[in-house]
Every structure is written in structure tokens, then in C-alpha cells.
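Chemist: Show me the folded form of this:
(2 chains)
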Protein chains: 2
Amino acid sequence: MRPTIDMANLICPAPAPAGDRILLAHGGGGRLTQQLIENVFLPAFANPELEARHDGAVLRAGTARLAFTTDSYVVRPLIFPGGTIGDLAVNGTVNDLAMCGARPLWLSAGFILEEGLEMDTLRAVVESMGAAAAAAGVTLVTGDTKVVDKGKGDGIFITTAGVGIIEAPNEIRPSAVMPGDSVILSGDLGRHGIAILSVREGLEFEAPITTDTAPLWAPVEVLLRAGIELHCLRDLTRGGLASALNEIAVAREVGIRVEEAEIPVSDVVRGACEILGLDSLYVANEGRFVVFVPAAQEQAALEALSSVAISKNAARIGAVSEGVHDGQVVLKTGIGGNRVLDLLSGEQLPRIC
Amino acid sequence: MRPTIDMANLICPAPAPAGDRILLAHGGGGRLTQQLIENVFLPAFANPELEARHDGAVLRAGTARLAFTTDSYVVRPLIFPGGTIGDLAVNGTVNDLAMCGARPLWLSAGFILEEGLEMDTLRAVVESMGAAAAAAGVTLVTGDTKVVDKGKGDGIFITTAGVGIIEAPNEIRPSAVMPGDSVILSGDLGRHGIAILSVREGLEFEAPITTDTAPLWAPVEVLLRAGIELHCLRDLTRGGLASALNEIAVAREVGIRVEEAEIPVSDVVRGACEILGLDSLYVANEGRFVVFVPAAQEQAALEALSSVAISKNAARIGAVSEGVHDGQVVLKTGIGGNRVLDLLSGEQLPRIC
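Modeler: Residues are numbered from 1 along each chain as shown, chains lettered A, B, ... in the order given. Predicted structure coming up:
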């Protein structure tokens, strides 16, 4: 007997129109994240601080200039080579303050725990946060804990917010970037993303790859002490170097030209990226940043950075250029061609931080 | 054939020792939450601000005295009678600042979204946050969004942090409570918890019960303007009035005596609590607080509170008493007996905020 198909009652589920549901890529730091900010968040909260699209807000309280910032952390696994979600939650927020030219001072932490989480895991994560806070010179002064039913969370989510006091004399933000500025990168790329992916996929490399998570106030402080005029600072988290440069190029409406040959990537990360089909320029880092400085201060900036362990391999990787279309980032490749580095539309590595 | 039991190879799963996993009750604001703070968080982050066990931290930046606080929101459902998770996330953090005697000024928001969330739901929640921020006079100045895989979150979790400038001349905290202080409650109890539960359980009451979510700076400001010496303020969220009074009694090592007959509870909430087997003194509120003031200023405080809509039904409900054991809250019941109001061990209403 052949099955009959009742054509009159066939139900064809209509595909949902694009954009009416949240996708993983909305959290990837690329084009969809930008669209979410522009279409949903900015209209509801419109104000100059949010519209500056910086890593943190600048507030004035009495005589003090404060920076204020927040980040949520959903990285999986919770514990990985060289770090935990707790380290990331401390260093990530510390670094967003540092990128405002602010000395990080105070943190808050909101924990969303999943019912059934092992207490030992929580204890390990919280202890690593305490150690990271001590290393970064910040104090965790206030917090909150919520618990959600098993299957409605994923172990531990942490949202930190931070307050710091701005020590930079001038405003550090995309709008301060000037044509001709040198672009300096603080060290090699890609170690955080590859460390996470290697555990997740059970990969083993010749040399173990550990996260680069680290607090970044020390290198910013030496730049300020050396009298460098910092136009813009940006740490290279979700979406990596390419996304950070794109955000600045778009916000300031300038072109940025960078040279592949000058961008430090370790052999082991390079090899891992080739195997995994990833572009190291888009891989997340948790202890790396770019700084835009006047070309005349480039050498002094590199010297200052070389005095701090975390940025001892800092390198000039390019410049803000008149010869590039505004809002674009152009890479001069190792073989001499030019390639536009665009924002990613999709999600290269979900839940990387 | 009878089944045979191989006694030698029977596996009896050993029950996990109590306390080695996170339970829903660890997020309930009761005894287990306190134990989690004392055993896991305080040892890792030990510092005087956290140990003060107040709703927010007090920071000094230049000439300014700042309050800084955070809360995570995991309420289910996301939209309920009279409010959304977005209103709660704004008002809850605004209220923690107000409870420090600080004018709420700036908020951050970290969103953890579940893949597949409807964009319209997100838009409704974000719009309600924008409206709540405008109503409370605060600006949302910085934010972050992460997305987790479907089945690893629950629609929307929001963590807000807030910064405000302290206007109270003296320190408002449990340690400032004095024997003889009057305890004033700002209005009727239980509406938020019952509103959430009524949707969750599909209950209908004669009169609809809506959440009481509201910003509380206005009543605090009128108290300060009236020159009232505010010893301690506490909003009555998770765990309700009974838990808030317990935390203060324990932190200050005093006894607190309250009179059931003086505590306003609406007939519809009272009826709902009876049906549901809940005690309104433990049900969460999102727009109610207690204030501890010198007995000599009790009438002036009540007059000031009556001038603001949100606290027009404020009532004196008790006093800090020498005649009660230190660290205990004692309720004089409607029929004249005495009952110790203890912290709840378990979880009365999970995911209420």
C-alpha cells in the first residue's frame, strides 16, 4: 500500500522573517550585534554617552571624572587553560575602564547560577576572581546572586560592572582619532580564542595554548606617564582586531590601513587557525589592545609599552590613512595585495567570553 | 522465572553531601543565600565594603561620595501584570542606590539573551526599561549583550549596576540603627510576589493584582529634605519584610519588635496569601521599603512620606527594642501573642525578581 499525501491539509511551516528572533550571532560582536544596538537599544535609551559607542561611559561627579562600564560573561567551559570565567569577568571590566584612560578601582559582580552547579566549581571561579581583582588592584565592593532552575542557565554567568577615576588629561574615544595617527598593537593575537576552542573541540597542539587574559591598566599608565597623547584605546575581545578597528573607522568616519606582516601572531596560534579555518584577525583576545597616537609620538609610545611585561612585544601595525575610504579598514597582505577587513556578519566563535 | 538480584554488584548512588551543589534556595534571599555569601563570596573578596552587608557600596572619588550597587534579574515570566523584567531591573537598582541615601543617576545593563528569543519580546522589555529610567530620572549610559544557545538560558536575564551621588549627611547602614528607633514601612506588602505568582499559576482574583514596582528615591528625598536623621533604609525585595528586618537585626545585633496589626496588607493580597499558603511578611515587593528613624522624628517622617504618592500609606510598624533578644525580630500577632520572624531556610517563590 502506497502512502497517500493529503495535499489539502499539508502544513508548511512559514519560515520566520529574518531578524525577528535572536540568533547566536547577535552576541558575536559583529554586524548583527551592531544592528541590535542600533535598532533596539539606542532608540530606547538614546543619550550622548551611549551614542559615543565607547567601551565605557564618562561621568562627572563633583571634581572627579569617572569611567563606568559593564560586561556579561557566558564563556564555555567555565574553566579553561590559563583562566576561568571569573578571571575574564574581572579583567574584561578592568580593561574597559583602562581603555577609557581610567584607573580601575571598584567592581560589582552579579552571579546567575544554575541549580545543581557544583559548589566546588563556584568556589574555584570565585577564588580566581578574588586573585584577579587583587592582581589588578581593584576591590569588589558589591554583588548579587540569583539561581535559575536546572536547564535554564549554564553553570555560571557573571556580569561585572566597574568604576574608575580617569587619569588621562584628554578624552580618549573614537572621535579623537586623527588622520595620520599611528596604530599600535600591544602584543600577539588570538591566544584566548584558540585556548577556549582547543578545550571545547578536544584539540591538542605541540605547545599548549593558554588564554592571554590580563589586566591592561599597567601599559596604559606607562603611556600616560610618558606623556603620550592617547587618542583612542580599544581592547580586542569579541570579534578581535578586525572588529575593533572597524568600529573605530565607522564611528570616526576615517580609513585605517594595517600591514599583515607587522601583526604579531605566534606560530602555534597561526597553525591552529589554519587547521580550524579561522582568521586570527577576528579571534578574541582578553589581554590585548590597540592604541591610536600621533605619529610623532609613535617611538616614545613603543618604548613606554616595552617597559611593561604584558606589552613588551607591542608593534606599530598601521596608520589612519587619507588614502583609504572612510569607514573602511584595509589590510596590506603579506604578499602585497590589499584586502578590506569587514565586520563579520555571523558568529565565528560563540560564547568565547 | 523470578528475577535474581546480584547483591554483589548493586550500585547505590551515594547521596551528595548537603551543601555541595547550588539549590534554588541559594537564590531566595534567606538563610542559604546568607550562607553562600559568608562561606564562598566573603572569603574570596574580603573587604570592609562587602562586610558592611548593605544594599550598595559607598565610594569616595575626589569630593564626591558615591553609591555603587548591582542586581541580576531572572524573573519569570518576563512580562507580568503591571511590569516587565526591564522595569524591575531599572527600579531595583535605582532603589538600592536610594537605600544608600544616594540620588540615582547612572545605570549600566548587561543582557544575557537566549538564542531564539522573539525580537518583539526583547523590544518590549527594552522599551519598558527606557520608560522606567526616564521616570526614575536615571540615564542608562553603558551596556553589553551576550547570547547563549537555546536551552542554556531562559529568554532574558538582565544585570543592572548603578551609580548615584550620596545626599544623606550621615551614613545610612545597619550599624547606624539605635535602640529605640522607630521602624516605618512605606506602604502595603506583597503585591509584586502575588502578581508574579498569579500569572505563573494561572490564578484569577476578584481584583487584579499588579506589581508594585516603582522608584523609591522620591520618598527618600522628602525624608532628607524634612531633616529626618535616617539611620537605615532597606527595600523589601526577595524574602520580603521579614528577611530585611532579620538582616538588619543580625548585622546590628539588636532586637526588632513589630506589630502585625500595624502592617498594611490589602484584602486581595491577604486572601491570595491564604489560598496559596504564603506569609505576606516574606513575599517580595519591588516598591516598598522600611526606614529606621529616631523615635522623636517619627511623626515628622510619617508626614513627609505622606506627601509622596508611593509612600502615602506609610505606617509605623514597630521599634528597635531592648526587650527582644539581640539579632531577633519578634512579631506581636493580631491576637496578642509573640512570634519570632526567622529567616526562611528554603525558597518561598523562586525567580521572583
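Chemist: Phi and psi next, for A:D279.
Modeler: Main-chain dihedrals, A:D279, degrees, to the nearest 10: phi -100, psi 120.
Chemist: Quick one: residues contacting it.
Modeler: Shown in contact with A:D279 (CB atoms under 8 Å, 6 or more residues apart in numbering or on different chains): A:242, A:273, A:348. Heads up, the C-betas are built off the backbone N, CA and C, glycines and all.
Chemist: pLDDT check: weakest of the residues you listed?
Modeler: Among the contacts of A:D279, A:Q348 has the lowest pLDDT, at 70.
Chemist: Relative to A:G239, how far out is that one?
Modeler: Distance from A:Q348 to A:G239, counting by CB to CB, to the nearest Å: 8 Å.
Chemist: what does A:A304 give?
Modeler: Using CB to CB, A:A304 is found at 27 Å from A:G239.
Chemist: So in chain A, which helix runs the longest?
Modeler: helix A:119-136 (DSSP state H).
Chemist: How far does it sit from its chain's centre?
Modeler: Distance of helix A:119-136 from its chain centroid, counting by CA atoms, centre = their mean, to the nearest Å, is 21 Å.
Chemist: thinking again about what came up before, want to try JSON lines for the contacts of A:D279, with distance to chain B as columns?
Modeler: Rendered in JSON lines, the data for the contacts of A:D279 read as follows (distance: CB to the nearest CB, whole Å):
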{"residue": "A:A242", "distance to chain B": "20"}
{"residue": "A:C273", "distance to chain B": "23"}
{"residue": "A:Q348", "distance to chain B": "14"}
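Chemist: tell me the contacts of the residue nearest the centre of chain A?
Modeler: The centroid of chain A falls nearest to A:T237 when counting by CA atoms, centre = their mean (1.9 Å). Contact analysis of A:T237 by CB under 8 Å, 6+ apart lists A:29, A:92, A:284-286, A:353.
Chemist: For the stretch 1-150 of chain A, give me the ranges with low pLDDT.
Modeler: In the predicted model of the stretch 1-150 of chain A, residues A:1-19 satisfy pLDDT under 70.
Chemist: which residues in it form helices?
Modeler: Ranges of helices in the stretch 1-150 of chain A, per DSSP state H, counting those that start in this stretch, are A:31-36, A:42-45, A:48-51, A:85-98, A:119-136.
Chemist: Domains in chain A, by residue range?
Modeler: Structural domains assigned to chain A are A:46-166, A:174-340, following automatic domain parsing.
Chemist: quick one, which of those domains is packed in tightest?
Modeler: Mean neighbour count (mean count of other CB atoms under 10 Å in any protein chain shown) peaks for domain A:46-166 among the domains of chain A, with a mean of 23.
Chemist: Could you tell me which strands the longest strand anywhere in chain A is paired with, and in which direction each runs?
Modeler: Longest strand in chain A, counting residues (DSSP state E): strand A:102-114. Applying DSSP bridges to the sheet, strand A:102-114 is found paired with strand A:139-148 (parallel), strand A:156-166 (antiparallel).
Chemist: Bridged to the nearest residue to A:G318 once chain neighbours are set aside, which residues?
Modeler: Leaving aside its chain neighbours, A:G318 sits nearest to A:V258 (3.3 Å; criterion: CB to CB, 6 or more residues apart in numbering or on different chains). Beta-bridge pairing for A:V258 (DSSP bridges): A:G318, A:L331.
Chemist: returning to what we had before: list residues touching both of A:Q348 and A:G239?
Modeler: Joint contacts of A:Q348 and A:G239 (CB under 8 Å, 6+ apart) are A:28, A:30, A:282.
Chemist: Which positions in the stretch 151-300 of chain A make contact with chain B?
Modeler: A:151-154, A:157, A:159, A:161, A:163, A:165 (CB under 8 Å from any CB of the partner chain).
Chemist: and the residues you listed as a markdown table, adding pLDDT?
Modeler: Shown next, in a markdown table, are those (pLDDT from 0 to 100):
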| residue | pLDDT |
| --- | --- |
| A:G151 | 97 |
| A:K152 | 97 |
| A:G153 | 98 |
| A:D154 | 98 |
| A:F157 | 98 |
| A:T159 | 98 |
| A:A161 | 98 |
| A:V163 | 98 |
| A:I165 | 97 |
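Chemist: For the stretch 251-353 of chain A, which segments count as helices?
Modeler: Ranges of helices in the stretch 251-353 of chain A, per DSSP H, counting those that start in this stretch, are A:267-276, A:298-306.
Chemist: least reliable of those going by mean pLDDT?
Modeler: Note on these: helix A:267-276 shows the lowest mean pLDDT, a mean of 92.
Chemist: mind saving the C-alpha coords of the longest strand of chain A as PDB?
Modeler: This file holds the C-alpha atoms of strand A:102-114, laid out as PDB (Å, rounded to 0.1, in the frame of the first residue of the first chain):
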ATOM      1  CA  ALA A 102      40.700  55.400  33.900                       C
ATOM      2  CA  ARG A 103      42.500  53.700  36.800                       C
ATOM      3  CA  PRO A 104      40.200  50.800  37.700                       C
ATOM      4  CA  LEU A 105      39.200  50.900  41.300                       C
ATOM      5  CA  TRP A 106      35.800  49.300  42.100                       C
ATOM      6  CA  LEU A 107      33.900  46.300  40.700                       C
ATOM      7  CA  SER A 108      30.400  44.900  41.200                       C
ATOM      8  CA  ALA A 109      29.500  41.300  40.300                       C
ATOM      9  CA  GLY A 110      26.100  39.800  39.600                       C
ATOM     10  CA  PHE A 111      26.100  36.000  39.500                       C
ATOM     11  CA  ILE A 112      23.400  33.900  37.800                       C
ATOM     12  CA  LEU A 113      23.900  30.300  38.900                       C
ATOM     13  CA  GLU A 114      22.200  27.200  37.600                       C
END
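Chemist: Ends of stretch A:314-328, what's the gap?
Modeler: Distance between the two ends of stretch A:314-328: 23 Å, counting by CA to CA, to the nearest Å.
Chemist: which residues are contacting that stretch?
Modeler: A:177-187, A:219, A:249-250, A:253-259, A:262-264, A:290, A:292, A:295, A:298, A:301-302, A:305-306, A:330, A:340.
Chemist: In strands, which of these appear?
Modeler: Among the contacts of stretch A:314-328, the ones falling in strands (DSSP E) are A:182-185, A:255-259, A:290, A:292, A:330, A:340.
Chemist: Dump those residues to a markdown table, plus pLDDT.
Modeler: Below are the ones in strands among the contacts of stretch A:314-328 laid out as a markdown table (pLDDT from 0 to 100):
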| residue | pLDDT |
| --- | --- |
| A:S182 | 98 |
| A:V183 | 98 |
| A:I184 | 98 |
| A:L185 | 98 |
| A:G255 | 97 |
| A:I256 | 97 |
| A:R257 | 96 |
| A:V258 | 97 |
| A:E259 | 97 |
| A:V290 | 98 |
| A:F292 | 98 |
| A:V330 | 96 |
| A:V340 | 95 |
